[in-house]
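Visitor: Sharing a sequence plus its predicted fold:
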Amino acid sequence: MMSMITSRRSRVLLTAAAVLALGLGAAEARPGQGGSFGSRGTKTFSAPPPTATAPRTAAPMERTITQPGAPSSVAQAPAGQRGGFFGRPGFGMGLMGGLLGAGLLGALMGNGFFGGLGGIASFLGLLLQVALVGGLVMLALRWFRSRNAVAPNGPAMAGAASNARSDLGGALGGAGYGSGIGFGGASAAPAQPAVQPLEIGPQDYAAFEKLLADVNAAWDAENEGTLRRFTTPEMAAYFGEELSRNAANGQHDRVKDVKLLQGDLAEAWREGPVDFATVAMRFSVVNALFERASGKVVGGDPVKPQEVTEIWTFRRDAGEGWKLSAIQQQA
């Protein structure tokens with residue numbers, strides 16, 4: 001008897017848990033699906049500051065097309081191995097070492113550079129080798145001095161050449177090439193646009209509130225064309241995937257009566273010609289999931305509103321209006 005009661009209670013609890021899970025899943029079926037996805041420019045992988053509306057840290061992006069900035073992979077050569085004529089063993093040092101090595105070894109072995117002349121001849125051969133090497137070094141030094149002397153305008157030309165090398169190296173590095181051509185310099189990481197603070201005014205706040213209503217209305221109507229007008233291509237693609245999944249499951253996610261209750265600006269900035277603004281918004285919405293064929297409610301509440309807090313990021317390109325660029329939940 002007890003086992004039957006326990007089994008019945010277990011079935012009741014499992015059924016209640018399933019209904020609760022279905023209700024929670026439907027409650028998160030509004031635009032965004034209760035997830036965090038999209039892009040925030042260079043701040044995509046950093047959490048926006050908390051606000052009074054959203055005091056908890058925003059959850060990290062679960063889906064984004066933005067790639068984290070990778071540090072430069074070009075490592076400097078160890079000291080003593082870096083490029084340059086005097087920074088590494090060159091032709092002159094190799095020749096000198098070879099000749100002196102041969103002469104000293106010959107003198108020690110009694111068989112000098114010229115071989116077979118005995119100890120005195122070997123010593124004289126060594127002196128001759130030293131004289132030859134010294135002459136070669138002097139000729140090399142005179143050649144380098146004369147080469148530097150013929151450069152017109154001296155320091156001015158050297159500075160211009162240095163600037164030209166710097167400009168060319170920067171251009172090649174920015175274009176994604178490796179180390180500079182012939183200059184021995186390491187390639188720089190791709191330049192990031194400068195981030196500047198951005199002032200947000202009443203018209204911007206009105207645009208954000210309108211986008212909150214417009215995006216939800218387009219989601220309710222399952223109108224992907226309208227969603228593309230109000231969102232970035234990345235966000236439109238994510239919304240399109242979710243709408244297609246709902247259609248494949250024979251379900252329609254309905255949202256209505258969206259009302260903004262409270263909003264706070266977390267941060268606003270400019271990257272080159274692109275503006276970004278991240279806003280924490282608490283709003284009420286009536287959200288329910290319906291079965292397409294029968295119109296039966298399979299999740300949520302078609303009458304009772306629920307309160308939702310999300311962090312939305314908006315993007316504005318030059319000459320265009322604000323568009324939804326990311327949605328994040330609180331962690």
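Guide: That came in fine, so what should we check first?

Visitor: going forward, measure contacts between C-alpha atoms and count neighbours the same way
Guide: Noted.

Visitor: Just checking, which helix or strand of this structure averages the lowest pLDDT?
Guide: None of the helices or strands of the chain scores lower by mean pLDDT, DSSP states H and E than helix 155-174, at a mean of 39.

Visitor: how about V130, secondary structure?
Guide: helix (DSSP: H, G, I helix; E, B strand; the rest coil).

Visitor: where does the stretch 51-200 of the chain have low pLDDT?
Guide: 69-129, 143-192 (pLDDT under 70).

Visitor: try 80
Guide: Within the stretch 51-200 of the chain, the stretches with pLDDT under 80 are 69-193.

Visitor: so who does Q328 touch?
Guide: By Cα atoms under 8 Å, 6 or more residues apart in numbering, the residues touching Q328 are 35-37, 58-61, 310-312.

Visitor: From T313, how far out is it?
Guide: Counting by Cα to Cα, to the nearest Å, the gap from Q328 to T313 is 8 Å.

Visitor: Could you do N216 as well?
Guide: The gap separating N216 from T313 is 15 Å, by Cα to Cα.

Visitor: Looking only at neighbour counts, state which of the two leads.
Guide: Legend: neighbour count by other Cα atoms under 10 Å for N216 and T313, higher for T313 (28 against 21).

Visitor: Wait, a strand at the more buried one?
Guide: Yes - counting by three-state DSSP, T313 is located in a strand.

Visitor: which residues does it contact?
Guide: With Cα under 8 Å, 6+ apart, T313 has these contacts: 40, 276-279, 324-327.

Visitor: In terms of residue numbering, what are the domains of the protein?
Guide: Per automatic domain parsing, the domain ranges recorded for the chain read 2-63+195-328, 91-145, 151-180+187-192.

Visitor: Reformat the contacts of T313 as CSV; add pLDDT, secondary structure and neighbour count.
Guide: Output for the contacts of T313, formatted as CSV (pLDDT from 0 to 100; DSSP: H, G, I helix; E, B strand; the rest coil; neighbours: other Cα atoms under 10 Å):
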residue, pLDDT, secondary structure, neighbour count
R40, 98, coil, 24
F276, 98, strand, 24
A277, 98, strand, 25
T278, 98, strand, 25
V279, 98, strand, 24
L324, 98, strand, 29
S325, 98, strand, 25
A326, 98, strand, 25
I327, 98, strand, 27
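
Visitor: Where do the helices of the chain begin and end?
Guide: All helices of the chain, identified by DSSP state H, fall at 2-27, 91-109, 118-149, 155-174, 202-220, 224-230, 233-248.

Visitor: Between helix 202-220 and the last one, find me the angle.
Guide: Read it as helix 233-248. When axes from the mean of the first three to the mean of the last three Cα atoms, to 10 degrees is applied, the directions of helix 233-248 and helix 202-220 differ by 30 degrees.

Visitor: which helices and strands sit right next to helix 233-248?
Guide: Secondary-structure packing of helix 233-248 (3 or more Cα pairs under 8 Å, 6 or more residues apart in numbering; DSSP states H and E): helix 224-230, strand 323-328.

Visitor: Out of these, flag the one nearest T66.
Guide: strand 323-328 (11.4 Å; Cα to Cα).

Visitor: and the angle from that closest one to helix 233-248?
Guide: 70 degrees.

Visitor: ok, back up a step: dump the helices and strands packed on helix 233-248 to CSV, plus distance to S284.
Guide: Putting the helices and strands packed on helix 233-248 into CSV (distance: least, Cα to Cα, whole Å) gives the following:
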stretch, distance to S284
helix 224-230, 20
strand 323-328, 16
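
Visitor: Out of these, which gets nearest to M138?
Guide: Set against M138 and scored by Cα to Cα, those come closest in strand 323-328, at 68.4 Å.

Visitor: Against which helices or strands is whichever strand in the chain runs longest packed?
Guide: In terms of residue count, the longest strand belonging to the chain (DSSP state E) is strand 251-271. The contact analysis (3+ Cα pairs under 8 Å, 6+ apart) places strand 251-271 against strand 195-197, helix 202-220, strand 274-291.

Visitor: Could you spell out the sheet neighbours of that strand, each with its direction?
Guide: Sheet pairing here is set by DSSP bridges, and for strand 251-271 it gives strand 195-197 (antiparallel), strand 274-291 (antiparallel).

Visitor: Pipe those into TSV and attach distance to N249 per row.
Guide: Shown next, in TSV, are the strands paired with strand 251-271 (distance: least, Cα to Cα, whole Å):
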stretch	distance to N249
strand 195-197	43
strand 274-291	9
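
Visitor: which one of those is the most hemmed in?
Guide: strand 274-291 (a mean of 22; mean count of other Cα atoms under 10 Å).
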